[in-house]
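Student: here is my input, please return the structure:
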Amino acid sequence: MSDYIRTVRGREILNANGKPTVEAELQTQNGIRTVASVPSGTSRGKYEAYELYDGGARFDGFGTRAAAGNITGPISNALTGMDITKQEETDRILCELDGTPNKERLGGNAILAVSVAAARAGAIASGLPLYRYISGGKRPVRMPDIIATVMSGGVFSGSGMEFEDYMYLFHSFENFPDELEALVHLRRSLERKLREKYGNFPEDGGALGAPCSSTAEAFGWMLDNAGEEGYDSRVSLGLDVAASELFAADTGKYRLGSNRVLTAEQLLGYYAELCGRYPLTLIEDGFDQDDFESFAKLKERQPAIQVVGDDLFVTNPERLKMGIRQDSANALLLKINQVGTVTEALRANDLARENGYDVIVSLRSGETTDDFIADLAVGIGARQIKLGSPVRAERNTKYNRLLEIHQELFP
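Tutor: Below is the predicted model:
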């Protein structure tokens, strides 16, 4: 059924970290109303779409009234009367209205909120579940496997672990609900054991910041926990290195912890050591976001693992093309707010899949309770979804939506 945008309104809301973000409310001429809010990331690649903040005194400069105003004002004016089922046309108008390479005039946060709200309204108008609407009949619909960060380190953590995220990867389970149940069990048992050993320590978005001395100690805890709980054959380990945060441009080296400095070649050797000692099957952002060459070396030397580009690609088709030409990875981490519209994210997915890449849909650290990426992961047939530990509402809304979709697909 044809329906058209009547108005779009923006407002400033808070994300799970208490930092402002934007929400868009879209209404159509036939009475459809949808709402979408967007996350922000703590560890951000320099090539990501621009998040527009107000500056000044409010919220330490991170207010989003200007971005919200851009939704209510110029964006709403430009989209009034648009066919709500024409997602590509809507996103094209948004990009042209902004007119900058990285969406800095209107704000990638403002643009994405409207793009997602439009996708939701288009699905309703088409009489389709959102994941079916995203699939468009040309992308495979499937439930993704879970990747979950359970321990945290790196520059944003007070622990002694070198890298940002220490993850369980789930496989060989009969279905998604069983994977999620296993994750909940493993996360709770790991926390109990770590707190018995270390007492109080901080959490970062549900990830445990235990004061471990090294990656080896963290992996030891995770593997012992999986074995004791009977899941050792159905989980493996993953790392999000967030290497751009460890990289010093003046020396060309990486600082791991307080007193260990490695060249790219030495870091490659360290990864080889870890892959040899542990069931490490995924390394995300193992090198600086401009070092396509070292990513390619890692892929060549560790062909059995997923070499994942996050900051390297920022879900941008043009960056991804560079990586494909240089054979720099075999998996794309897809974060819709990195690129700024649903259409561009889908293009990045399609390009990745056409070139044999795995696609992993991911949340951001500064999430909201918007569950769009659950439908996105199913609708594009993503191999995996990275949602973090299931202990906070902004993550569990997405897990719960995936449980709902699973029930629809397998009644």
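Student: can we go C-alpha only for contacts and neighbour counts from here?
Tutor: OK.
Student: ok now stretch 322-341, how far from the chain's centre?
Tutor: The chain centre lies 12 Å from the centre of stretch 322-341; the measure is Cα atoms, centre = their mean, to the nearest Å.
Student: can I get the CA coordinates of it in PDB?
Tutor: The C-alpha coordinates for stretch 322-341 follow below in PDB (Å, rounded to 0.1, in the frame of the first residue of the first chain):
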ATOM      1  CA  MET A 322      40.300  -0.800  -0.600                       C
ATOM      2  CA  GLY A 323      40.500  -3.800   1.700                       C
ATOM      3  CA  ILE A 324      39.200  -6.200  -0.900                       C
ATOM      4  CA  ARG A 325      41.800  -5.000  -3.400                       C
ATOM      5  CA  GLN A 326      44.600  -5.600  -0.900                       C
ATOM      6  CA  ASP A 327      43.200  -8.900   0.500                       C
ATOM      7  CA  SER A 328      43.300  -7.400   4.000                       C
ATOM      8  CA  ALA A 329      40.500  -9.300   5.800                       C
ATOM      9  CA  ASN A 330      37.800 -11.900   5.400                       C
ATOM     10  CA  ALA A 331      35.100 -10.400   7.700                       C
ATOM     11  CA  LEU A 332      33.300  -7.000   7.900                       C
ATOM     12  CA  LEU A 333      32.100  -5.700  11.200                       C
ATOM     13  CA  LEU A 334      28.900  -3.800  10.300                       C
ATOM     14  CA  LYS A 335      27.900  -0.900  12.500                       C
ATOM     15  CA  ILE A 336      25.200   1.200  10.900                       C
ATOM     16  CA  ASN A 337      26.200   4.400  12.600                       C
ATOM     17  CA  GLN A 338      29.600   4.300  11.100                       C
ATOM     18  CA  VAL A 339      28.300   5.000   7.700                       C
ATOM     19  CA  GLY A 340      25.000   6.800   8.500                       C
ATOM     20  CA  THR A 341      22.200   5.300   6.400                       C
END
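Student: residue 134 against residue 379, yeah?
Tutor: Yes: here residue 134 reaches residue 379: they are 5.2 Å apart, a contact under Cα atoms under 8 Å.
Student: hmm, who's touching the one helix or strand residue 283 maps to?
Tutor: Using DSSP states H and E, the element containing residue 283 is strand 280-284. With contacts defined as Cα atoms under 8 Å, 6 or more residues apart in numbering, strand 280-284 is touched by 236-242, 274-275, 304-310.
Student: rank those residues by pLDDT and give me only the lowest.
Tutor: pLDDT across the contacts of strand 280-284 is lowest for residue 242, at 93.
Student: name the nearest residue to that one, sequence neighbours excluded.
Tutor: residue 285 (5.3 Å; Cα to Cα, 6 or more residues apart in numbering).
Student: out of the contacts of strand 280-284, which end up buried?
Tutor: Neighbour-count burial (16 or more other Cα atoms under 10 Å) applied to those gives 236-242, 275, 305-310.
Student: which other helices and strands does the longest helix seen in the chain contact?
Tutor: The longest helix of the chain (DSSP state H) is helix 176-198. Packing partners of helix 176-198 (3 or more Cα pairs under 8 Å, 6 or more residues apart in numbering; DSSP states H and E): strand 145-152, helix 215-228, helix 393-409.
Student: avg pLDDT for that helix?
Tutor: 97.
Student: just for the stretch 101-250 of the chain, where's the confidence low?
Tutor: The model of the stretch 101-250 of the chain has pLDDT under 70 over residues 156-159.
Student: hmm, 80 instead?
Tutor: Along the stretch 101-250 of the chain, segments meeting pLDDT under 80 span 155-160.
Student: try the stretch 301-411 of the chain
Tutor: Scanning the stretch 301-411 of the chain for pLDDT under 80 picks out nothing.
Student: and the strands in it, which stretches?
Tutor: Applying DSSP state E, counting those that start in this stretch to the stretch 301-411 of the chain gives strands spanning 306-309, 331-334, 358-362, 384-386.
Student: make JSON lines out of these and add distance to residue 371.
Tutor: Rendered in JSON lines, the data for the strands of the stretch 301-411 of the chain read as follows (distance: least, Cα to Cα, whole Å):
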{"stretch": "strand 306-309", "distance to residue 371": "23"}
{"stretch": "strand 331-334", "distance to residue 371": "15"}
{"stretch": "strand 358-362", "distance to residue 371": "12"}
{"stretch": "strand 384-386", "distance to residue 371": "12"}
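Student: mind checking which of those strands is nearest residue 372?
Tutor: Closest approach to residue 372 among those is made by strand 358-362 (10.9 Å; Cα to Cα).
Student: what's the closest one packed up against?
Tutor: Of the remaining helices and strands, those touching strand 358-362 by 3+ Cα pairs under 8 Å, 6+ apart are strand 331-334, helix 342-354, helix 372-379, strand 384-386.
Student: mind running it again at 7 Å?
Tutor: In terms of contacts (3 or more Cα pairs under 7 Å, 6 or more residues apart in numbering; DSSP states H and E), strand 358-362 is packed against strand 331-334, strand 384-386.
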